[in-house]
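>>> model this:
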Amino acid sequence: MKRGLILLCAFLFIFPTIAKAGTAELKSVEALIEAADGKPVVITYWATWCDTCLSDLSELEEFRALVGSKVGVYSINATKSERSVKQVKNFIGKSALQVPVYLDVEGTVAHQFRQVAVPFTILVDESGKQRIIPGPVTKEQLQEWID
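Numbers count the residues shown, from 1 in each chain. A predicted model of the protein is given here:
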């Protein structure tokens, strides 16, 4: 847990001038998949209070830097489990996240994918086949998946 927080803090201090990610309320996971235009998609579902999630976000950022535009890389915040939308937006505003962050205000994503814990990752291949990975993932695991 502490490792994830340390990694995220290091990332935030090392790359303070990177453009910030914005937030938007999630319309649907399907809309994110469609926006990728047939490319593989990686979506991490996370919360600000989850140390493992913060480590996952660091891995997701590094993965995104490696793959560039070859893969649609997104994150969805478990906003329903947070104190407030404002708190999530403040967290993101203070971070150096570049991965787009979508807000799951109603908790529909966790329900749709039958997940009760964070983090989890949704992988979608070029054919549209979806795979759910509960728990943390590394950039190496994600790279293996797309190779």
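>>> All the strands of the chain, residue numbers only.
Applying DSSP state E to the chain gives strands spanning 23-25, 41-46, 72-77, 101-103, 120-124, 130-134.
>>> so what strands line up beside the first one?
This points to strand 23-25. Paired with strand 23-25 in the same sheet, following DSSP bridges, are strand 101-103 (parallel).
>>> same question, the second one
For strand 41-46, sheet partners with direction are given as strand 72-77 (parallel), strand 120-124 (antiparallel), following DSSP bridges.
>>> nearest to residue 99, of the ones you listed?
strand 72-77 (4.9 Å; CB to CB). To be clear about C-beta, it is placed using only N, CA and C from the backbone, and glycine gets the same treatment.
>>> For that closest one, buried residues please.
Neighbour counts over strand 72-77 (16 or more other CB atoms under 10 Å) mark 72, 73, 74, 75, 76, 77 as buried.
>>> Could you list every helix and strand that the lengthiest helix in the chain packs against?
Ranked by number of residues, the top helix in the chain under DSSP state H is helix 51-67. Applying 3 or more CB pairs under 8 Å, 6 or more residues apart in numbering; DSSP states H and E, one finds that helix 51-67 contacts helix 2-14, strand 41-46, strand 72-77, helix 139-146.
>>> Could you dump the strands paired with strand 41-46 into JSON lines with mean pLDDT added?
Converted to JSON lines, these look like this (pLDDT from 0 to 100):
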{"stretch": "strand 72-77", "mean pLDDT": "95"}
{"stretch": "strand 120-124", "mean pLDDT": "96"}
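>>> In CSV: those, plus distance to residue 57.
Shown next, in CSV, are the strands paired with strand 41-46 (distance: least, CB to CB, whole Å):
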stretch, distance to residue 57
strand 72-77, 7
strand 120-124, 11
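>>> Of the helices and strands packed on helix 51-67, which shows the lowest average pLDDT?
Among the helices and strands packed on helix 51-67, helix 2-14 carries the lowest mean pLDDT, at a mean of 42.
>>> what's the burial count for residue 133?
Residue 133 has 16 neighbours, counted by other CB atoms under 10 Å.
>>> what's it in contact with, if anything?
Residues counted as contacts of residue 133 (CB atoms under 8 Å, 6 or more residues apart in numbering) are 120, 121, 123, 141.
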